[in-house]
Every structure is written in C-alpha cells, then in structure tokens.
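Participant: Prediction below, plus the sequence it came from.
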Amino acid sequence: MLGSMLQLAGDEDRRISLQTQTSCGVWPCEASGRKAACSGTEQKRVSDWYDNMDTRIRSLLASETAQTGVHIQGWVRTRRDAKGISFLEINDGSCLRNLQVVVDAHASGAELLPRCTTGASVSVWGDLVPSPAPGQRWELRATQLALIGPADSSYPLQKKGHSLEFLRTIAHLRPRSNLFGAVFRTRNRVACAVHEFFQARDFLWVHTPIITASDCEGAGEMFQVTTLKGLPGERPEDDFFGRRTYLTVSGQLEAEALACALGRVYTFGPTFRAENSNTARHAAEFWMIEPEAAFFDLQADMDLAEAFLKAMARHVLETCGEDLDFFERFVDKQVRARLTFVVERPFVRIPYAEAIRILQASGRAFEFKPESGHNLQSEHERFLTEEHFRAPVIVHDYPRGIKPFYMRLNDDGETVRAMDVLVPGIGEVIGGAQREERLEVLMENLRYHKLKPEDYDWYLDLRRYGTVPHAGFGVGFERLLMFLTGMTNIRDVIPFPRTPGHAEF
RNA sequence: UCCAGAGUAGCUCAAUGGUAGAGCAGCCGGCUGUUAACCGGCGGGUUACAGGUUCGAGUCCUGUCUCUGGAGCCA
C-alpha cells in the first residue's frame, strides 16, 4: 500500500491544492502543476482521507515500477476467459485506457468471475506487475476480487461500437463508453483551462443571475420562470418576483456592470434559449463564457478572443493527448492538425464589407446571395473559413441594423464595432463587440432598435457615472468543445442535452 | 418552424411486390496468457404506428410519431 501511495504523490498534491484553492487565489488545475500553500493540518487530513482511497488506473498505467498491494475499483469493460485464468479489462474513468486484471482460479473471489460481465462494477486488490504479453505494459495480478454491482445481459453497452444516435438514448450510461469518457474528460480539462486563461490575465470570475427580468435585446426566446398556476385573473404582479422573470440568455449586461468596477471579469455558467431550433449546433441549455473588460477596444477584444482560442487549442494538445488520439482515430482525422494550425497561425481579420466583397467576387453560386446589410449565412461563413482562408476568420465592423443596440457605433454612423470569430466546421464560435459607452449614442441606439430606454435604466447608469470604453465577447462552451474534439453534434459534448422536446434525464 | 432522408432482432445492417436474414451481443458447450479472442450449437421479430392499393406489402400510396442531416435563429 505504501508503494502505491508513493506513486501517487502527484495526485495527492492536486487533491491538496483543491482543498485550499480559496486561500491562495490560484485556480487549481492539474495541468498547471501549480500548488497552493496549505497548512500541515490540512495536508494530514487530506492524506488520511486519501489513504483509504483506491488507486486511479491512470496513475497505475503511468507507473515506473511494479507495485504490491494495489487497490482499484471500476467497471468491467470486457472479460476474456482462458484455462484456469480470466482477464478483466477495468476502466475507472480516470483515463481512456483500461487496466488488464488477471484473475486465476485460486484468487480470492474468483468464483465471482462468471458474474463479472461487461458493465459490472468491481473492486480488486492485487499487485501491479509487468505484463508478459504484448498489448499493455502493466497488468494487475489479482489477489482478491469483489463484485460490487453486477450487470446482467440487458446492459446496453457492448464492446463494439455504437451509433451516436443510440448512445443519446442512453445518456445516463454513455459516459461509460470510450468516446464519451474522452469527451467528458476533455470537457473538464477545457473548463479548467478557461479559468486558468482568464485568471492568468487578471479577469475575475463573476456570477451573474440565472433568473433575470431583462430580456437582453431579445437574444432569443426565453424560458419564463413563474410560480403562477395559470389561473384566470392572475397578473404578472402576483408572480413570485412581482414581475415576469426568465432564465438568462446572457450575463453580458450584468457582466458590464461588474467590469465597470472590477476592470476585467468573465462569466462561465449556464445559459438558456427557448428557440425552437433543431440543429447539431443548438441546445436549449448550454454553458457560456463571457469576458468583459473595461478600457478594451475592439482591437483588444479581438486579440483576447484569438489568444483565448489559441490557449484552449494548445491546452488540449498538451494535456488531452490520449483522448485526442482517440478523437483523431474515430471522430475527426483532422482534429490534431486543425488545433496545431490554430495555435500556430494568426487569425484572419477582415471587415464585414471586405467579407461581402470576397463572397461576391468568389463566383460561387450561393443559395443566398451575399448582400451588404444582411447577416452572413452559414454557407458564407463556411466558404470564408473552410475554403477561402482555410483558417479561423474574425469578421468585424458589421452594419448597425443587424447587430444589437449595445454595440459601439463607428464614426461612419453605419457600422458598429462588432466581431464574430468563425472557425471551420462550426461557424460562429465567438461573438463580441466593443460596447457603446456614450450615453447619448446609446439612447439613440435604443430608439433605433425600437427599445424603451426606461427598460434599461440601470444599464444606462453605467454610462451616466464614470463611463469607460469596454468590450467583451461570448463563447458557447459546447461549440468550443465541438471545435476542440471534432465532435459534430452539440448533443454529444454535453452530458444531458436539452433540446426542443427533450429533457429526459 | 421549413426542406430532405431514414425507421426491420438488444446493437449494426441485408432482403425485384412472392416463405423476414446476417454479423455482433446473449445463452449452452469446446479451446486458449487472453487482447474487438477463437470454434460449434441455441433462442431472439406486431418490419415505428394507423389506414389504403393488391391474389399477396418490410417493399407501393396517405396520415401520424420518432430520429438524422440541412436551413432559419444564434453561442
């Protein structure tokens, strides 16, 4: 047991830093290798707790030496029987690979082997020894086997590949598949990298409301939050909050308030859109990252967006190697090449007007003719990023009429300081802007967009008192993950997707 | 919401309008330090649902449902 604990020193450090992250202010991240200072008492407490834990398979597979008295727990992926000996492939979710457990007929608990079928959970004690057969460096020679939870033949996951459509119908079990294990490990890693990126740049993580009364420039249909029973005669004033409230579609307006005090902030939380849009890129509940920074102009905003995407790509390349290999093999042969490309090459930046000129001069027969004053269609975005430039493209300075009221008006009076980052395969992954900080212009923008200034009174206060130029953007976390993993359906990068007609789990 | 495609065994898929099949999974047996193990055997179906055409429909027609892809909207 001692041997295995020594092997785990790295893990233990991470546990400790997790326990103490609030005091050091450093966001804990396995990849960062940074440790927080912590008291000896805490270290002892964590150690005591950890002594009783099993060893993660990821640590064992990375072991440099043989170990005795190892304890693992996980789920059986498959069992192969030979004469007087059985091989169990055990996965505990810590990594893509399984640990081969060798159980001979004399091992304690060997009589349980017939019930150790695919899907069953087991607890195994044994010795980590070099494997005599090719296929794996280490294997666990079991001294004791315990069956925790059997899984009968109705267990739906088989050893062979399943379609993504089928796996979606068993969203509660699909994390046990190779693919979804890899996806959700990567999701965790990227979430961690998001915090690292912003914390390293002095952005504070702020928590904006989930329940909101402002419908944020109509960024989409909203889910209403109510305690009313739908009885006749009920008025909005009778509702819980004394008014109509909704689930947030964006934390941006509130983030602006915090940015205009703390300087640099970001949100990272759930977001809800009640749009009846049924596509591979839309979910009714998703996670969004929204940095907002005082004294940033559009240029700085674009710099930040580009640095952000590059950092996320680099992080996945550097810390998700095994899972990325899996994506490259079974999901998207180009994914690693694309991430490398994103890290190494500068993004193309073109004004909207230039984008329209390129599209019009392309000679391509688009279904929708590219026309100034209209939104870029999916096919236009695809052409720019996948064919013309073959790189991420930032399109900026859009016509005023197709962008929201809060975007800063350019001196031409026609365009606003907006930017969209387009990436191959997904299209728009980031949308942002420099915000209108001039009170009079903002009021005029509200009127232009036929909105009532009195509905935005607190937001206008930010311009009445100590206004500053500021900018920000929004990133759909799941779309980011799609880009980073090569997965092509948003429902396959979020554990329990919510889409129109679906809230099953 | 619109357009297109699909729905057959637990899973992945076959089947000119003419007796619904295979591989895998499962179960039984055999073999083996195995590696998506292998070999033999067995069970497994309201062909999404409801109508219609036909001597006869998994196949053709109509409607409904579901899923997938694309579009719109967007992140």
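Facilitator: Arrived safely, thanks for sending.
Participant: how about the residues of the stretch 151-300 of chain A near RNA strand B?
Facilitator: Applying Cβ under 7 Å from any atom of the strand, one finds that the stretch 151-300 of chain A approaches RNA strand B through A:153, A:156, A:158-163, A:165-166, A:168, A:219-220, A:250, A:273, A:275-284, A:286, A:288. For every residue, glycine as well, the C-beta is placed using N, CA and C.
Participant: Below-threshold pLDDT in chain A: ranges please.
Facilitator: A:1-52, A:215-220 (pLDDT under 70).
Participant: one step back: of the residues of the stretch 151-300 of chain A next to RNA strand B, grab the buried ones for PyMOL.
Facilitator: Only the buried entries of those go into this PyMOL selection, using 16 or more other Cβ atoms under 10 Å:
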select buried, chain A and resi 168+219+220+250+273+275+281+282+283+284+286+288
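Participant: For RNA strand B, what's its nearest residue on chain A.
Facilitator: The minimum distance from chain A to RNA strand B, using Cβ to the nearest atom of the strand, falls at A:Ala133 (2.5 Å).
Participant: in which helix or strand would I find that residue?
Facilitator: Under the assignment given by DSSP states H and E, A:Ala133 is not contained in any helix or strand.
Participant: neighbours around it, how many?
Facilitator: 9 (other Cβ atoms under 10 Å).
Participant: Kindly report the same for A:Gly269.
Facilitator: 17.
Participant: list the contacts for it?
Facilitator: A:Gly269 is in contact with A:His207, A:Thr208, A:Ile210, A:Gly251, A:Trp287, A:Met288, counting by Cβ atoms under 8 Å, 6 or more residues apart in numbering.
Participant: picking that back up, next step: the residues of the stretch 151-300 of chain A next to RNA strand B restricted to strands.
Facilitator: Using DSSP state E, the subset of these located in strands is A:Phe286, A:Met288.
Participant: of all the residues in the stretch 301-450 of chain A, which ones are close to RNA strand B?
Facilitator: So far as Cβ under 7 Å from any atom of the strand goes, the stretch 301-450 of chain A lies against RNA strand B at A:Phe368, A:Asn375, A:Gln377, A:Ser378, A:Glu379, A:Glu381, A:Arg382, A:Gly427, A:Glu428, A:Val429, A:Ile430, A:Gly431.
Participant: How far does stretch A:487-501 stretch from one end to the other?
Facilitator: 22 Å (Cα to Cα, to the nearest Å).
Participant: Same question for stretch A:354-371.
Facilitator: First residue to last in stretch A:354-371 (Cα to Cα) measures 12 Å.
Participant: What are the buried residues along that stretch?
Facilitator: A:Ala355, A:Ile356, A:Ile358, A:Leu359, A:Pro370.
Participant: Check whether the third one really touches A:Tyr352, as I assumed.
Facilitator: What it means is A:Ile358. No - contact status for A:Ile358 versus A:Tyr352: not in contact, 10.7 Å apart, counting by Cβ atoms under 8 Å.
Participant: which one of the residues of the stretch 301-450 of chain A next to RNA strand B has the most neighbours?
Facilitator: When neighbours are counted by other Cβ under 10 Å, A:Ile430 leads these with 26 neighbours.
Participant: Assign that residue to helix, strand or coil.
Facilitator: Following DSSP: H, G, I helix; E, B strand; the rest coil, we place A:Ile430 in the strand state.
Participant: same question, A:Pro175
Facilitator: Three-state assignment for A:Pro175 (three-state DSSP): helix.
Participant: list the buried ones in stretch A:90-100?
Facilitator: Buried residues in stretch A:90-100 (16+ other Cβ under 10 Å): A:Ile90, A:Asn91, A:Asp92, A:Ser94, A:Cys95, A:Leu96, A:Asn98, A:Leu99, A:Gln100.
Participant: so which helix or strand takes in the closest residue to the first one other than its chain neighbours?
Facilitator: When you say that, I think you mean A:Ile90. The shortest distance from A:Ile90 to any non-neighbouring residue, by Cβ to Cβ, 6 or more residues apart in numbering, is to A:Gly74 (4.5 Å). Using DSSP H and E, A:Gly74 falls within strand A:67-82.
Participant: So what are the sheet partners of that strand and their directions?
Facilitator: strand A:85-91 (antiparallel), strand A:121-130 (antiparallel) (DSSP bridges).
Participant: how about the ones you listed in a markdown table, adding distance to A:Tyr448?
Facilitator: Shown next, in a markdown table, are the strands paired with strand A:67-82 (distance: least, Cβ to Cβ, whole Å):
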| stretch | distance to A:Tyr448 |
| --- | --- |
| strand A:85-91 | 57 |
| strand A:121-130 | 61 |
